[in-house]
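# Below are the sequence and a predicted model; questions follow.
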Amino acid sequence: ARRTPRARLARLAAFGPSTHPMQPGPEWGNTSLPYPTNAWWINLAVSDPYTTPGSMPSAPLPYAVRNANGRGLEVSYGPTRRSVTEKFQGDYFASDLVIGAGSGFHTHAMAAHDDLTAAVTFSAGGAGSAGNFVARLARGAPWVVTEWKGGSPVITSDHSIVSVDVLDDGGG
């Protein structure tokens, strides 16, 4: 018996709508529907029941970034740890640099994004807050830019930091 499109539709309609158990959380920030899929920054906005939101690396390349579990933004330059075999090539994530504040951060959320850039806001929140910063990430850019509102940055690394460029817009 030949099935008509109407018969196929009736058969599929019997299942009805359902809700996915992993709903978008506050990490999506200002992102509107439809949510992007397969974007290079997507791991900063998603999580599963077993991980901290944003704790899976996103790769703007040449480095990778992730939420440092409440400490701020973690940056890894994976090519220095590249592993190549006949069947596998991988760049392992290690915390080469952490940009944060002494009191830590309670939340992070996508502030803006397009195909090549993403802005992620890290907020300390609470009374006596250390402030917020926005990490401006650009695909293919060899640097990390942060903009601070209140508070002072704390930069930690297991490596020597030769210099940090600070640009003050006159606002403090």
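Great, that's in hand.
# and Asn43, that's in a helix?
Yes - according to DSSP: H, G, I helix; E, B strand; the rest coil, Asn43 belongs to a helix.
# dump the residue contacts of it.
Shown in contact with Asn43 (C-beta atoms under 8 Å, 6 or more residues apart in numbering): 54, 56-58, 66. (Each C-beta comes from the backbone N, C-alpha and C, glycine too.)
# now it: how far from Ser152?
Per C-beta to C-beta, to the nearest Å, Asn43 is found 28 Å from Ser152.
# so what's the most centrally placed residue in the chain up against?
Using C-alpha atoms, centre = their mean, the residue of the chain that lies closest to the mean C-alpha position is Leu44, 2.2 Å off. By C-beta under 8 Å, 6+ apart, the contact set of Leu44 is 27, 54, 58, 65-67, 108, 110, 118, 120.
# now do 6 Å
Neighbour list for Leu44: 54, 58, 120 [criterion: C-beta atoms under 6 Å, 6 or more residues apart in numbering].
# Most neighbours out of the residues you listed, which is it?
Ranked by neighbour count (other C-beta atoms under 10 Å), the contacts of Leu44 have Gly54 at the top, with 28 neighbours.
# Name the nearest residue to that one, sequence neighbours excluded.
Asn67 (3.2 Å; C-beta to C-beta, 6 or more residues apart in numbering).
# Contact partners for the one you found?
Applying C-beta under 6 Å, 6+ apart to Asn67 gives the contacts 54-55, 108.
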